[in-house]
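Participant: structure of the sequence below:
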Amino acid sequence: MCGIFVKIGKTKQSGKQFKLALNSIQHRGPDDEGFTVFSGKDFEVYGAEDTIVPLADNKSLMYLNFNSFDGDFTDLDTGEVVFGHRRLSIIGVNELGHQPMCYGEGRYWIVYNGELYNYLEIRKELAEVYDKQFLSNSDTEVVLAAYSVWGKEAVKRFDGMWSFVIYDLQEQELYCSRDRFGVKPLYYWISSEGNLFFASEIKQFTFLEGWNPVIDEGKYGGEGCFGDGGRCVIIEGCVNGGRCSWCGGECGGVYL
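Facilitator: Numbering: from 1, shown residues only. Next comes the predicted model:
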């Protein structure tokens, strides 16, 4: 079990609120934490108090070349896309499994929660047929490599449980996916300022300015989380599910 938090949008959002939201799911990922802030085609990678310390030989890797935050986490304030991750190390337990992780010389970035049961088979195909190289033993890297080859169609090959958000830095396009049965949650909420947030747990949104949950009485106590094509709409405006594409600041919709 891991935890993710993602912000998308050009409106400034408190970095301190973002950090608190991620801290609130420390129980999901006590082994490591990480952040990546994207502005245009530039990015900065940050570590915090629980970030794993990489071996000297690995510190030059893009996703392990950490910066330090200032006291108020203002480095998180203005990013158009901000990734945060809490990691529970199960597969690929060393620092090479750290997230946010990148692939393809920094083009593809991911925050991921889950497990691919067939990741070894997919990894073998990617290596033998497409000559893909791997640094870690993690299934996270396999998800990224698969996306680099098959794009959004990659999920059709996945057998497992997952929720993830991938950012293609070159195209400035974001893609997120949740497994078919919603075993691994992926909630989203759009603020009144137009920022889009993704989270592993609804309570993460409570740290954000403007969050004002309203119970959707038409769903609560009735069909609940599985009454709208698998989307959780018990709280108005807060949805769990599906797939979503985003490019240039607009969410392309949720497709289940």
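Participant: ok, the nearest residue to Val81 once chain neighbours are set aside - contacts?
Facilitator: Using Cβ to Cβ, 6 or more residues apart in numbering and skipping the chain neighbours, the partner closest in space to Val81 is Phe38 (4.1 Å). In this view, the C-beta of every residue, glycine as well, is placed from N, C-alpha and C. By Cβ atoms under 8 Å, 6 or more residues apart in numbering, the residues touching Phe38 are Gly79, Glu80, Val81, Val82, Phe83, Trp109, Tyr167, Leu169.
Participant: okay, stretch 135-144 in CSV with CA atoms only?
Facilitator: What follows is stretch 135-144, C-alpha atoms only, in CSV (Å, rounded to 0.1, in the frame of the first residue of the first chain):
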residue,chain,number,x,y,z
LEU,A,135,17.4,0.3,-13.4
SER,A,136,15.2,-1.2,-10.6
ASN,A,137,13.4,-4.4,-9.8
SER,A,138,10.2,-2.5,-9.2
ASP,A,139,6.9,-3.0,-11.0
THR,A,140,6.6,0.8,-11.0
GLU,A,141,9.3,1.1,-13.6
VAL,A,142,7.6,-1.6,-15.7
VAL,A,143,4.4,0.4,-15.7
LEU,A,144,6.3,3.5,-17.0
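Participant: contacts for that stretch?
Facilitator: 61, 91-92, 94, 96-97, 99, 101-104, 108, 110, 112, 115-116, 119, 122-123, 126, 134, 154, 158, 160, 162, 164, 166.
Participant: and if you look at stretch 165-174?
Facilitator: 4, 6, 8, 38, 40-41, 43, 81, 83, 106-111, 143-144, 147, 175-176, 186, 198, 244-248.
Participant: what about the residues you listed, which are in helices?
Facilitator: Val143, Leu144, Tyr147 (DSSP state H).
Participant: of the contacts of stretch 135-144, which belong to strands?
Facilitator: If you go by DSSP state E, the contacts of stretch 135-144 have Met101, Cys102, Tyr103, Tyr108, Ile110, Tyr112, Glu115, Leu116, Gly160, Trp162, Phe164, Ile166 in strands.
Participant: what ranges in this protein fall below the confidence cut-off?
Facilitator: 215-256 (pLDDT under 70).
Participant: and the residue nearest the centre of it?
Facilitator: Val111 (3.2 Å; Cα atoms, centre = their mean).
Participant: residues touching Val149, list them.
Facilitator: By Cβ under 8 Å, 6+ apart, the neighbours of Val149 are Leu126, Tyr130, Lys132.
Participant: the first one against Ala146, yeah?
Facilitator: Right, Leu126. Yes: judged on Cβ atoms under 8 Å, Leu126 makes contact with Ala146 at a distance of 6.5 Å.
Participant: of those two, give the one with the bigger neighbour count.
Facilitator: Ala146 (24 against 20; other Cβ atoms under 10 Å).
Participant: and the more buried one, how far from Ser163?
Facilitator: From Ala146 over to Ser163 the distance is 16 Å, taken as Cβ to Cβ, to the nearest Å.
Participant: again, but for Tyr130
Facilitator: Taken as Cβ to Cβ, the span from Tyr130 to Ser163 is 25 Å.
Participant: more crowded one of these two?
Facilitator: The neighbour count for Tyr130 versus Ser163, taken as other Cβ under 10 Å, is higher for Ser163 (26 against 12).
Participant: which ones are touching the more buried one?
Facilitator: So Ser163 contacts Ile4, Tyr112, Asn113, Gly114, Cys176, Ser177, Arg178, Asp179, Lys184, Pro185, Leu186, Ser200 (Cβ under 8 Å, 6+ apart).
Participant: just to revisit the earlier point, show me the beta-bridge partners of the residue nearest to Val81.
Facilitator: Under DSSP bridges, the beta-bridge partners of Phe38 are Phe43, Val81.
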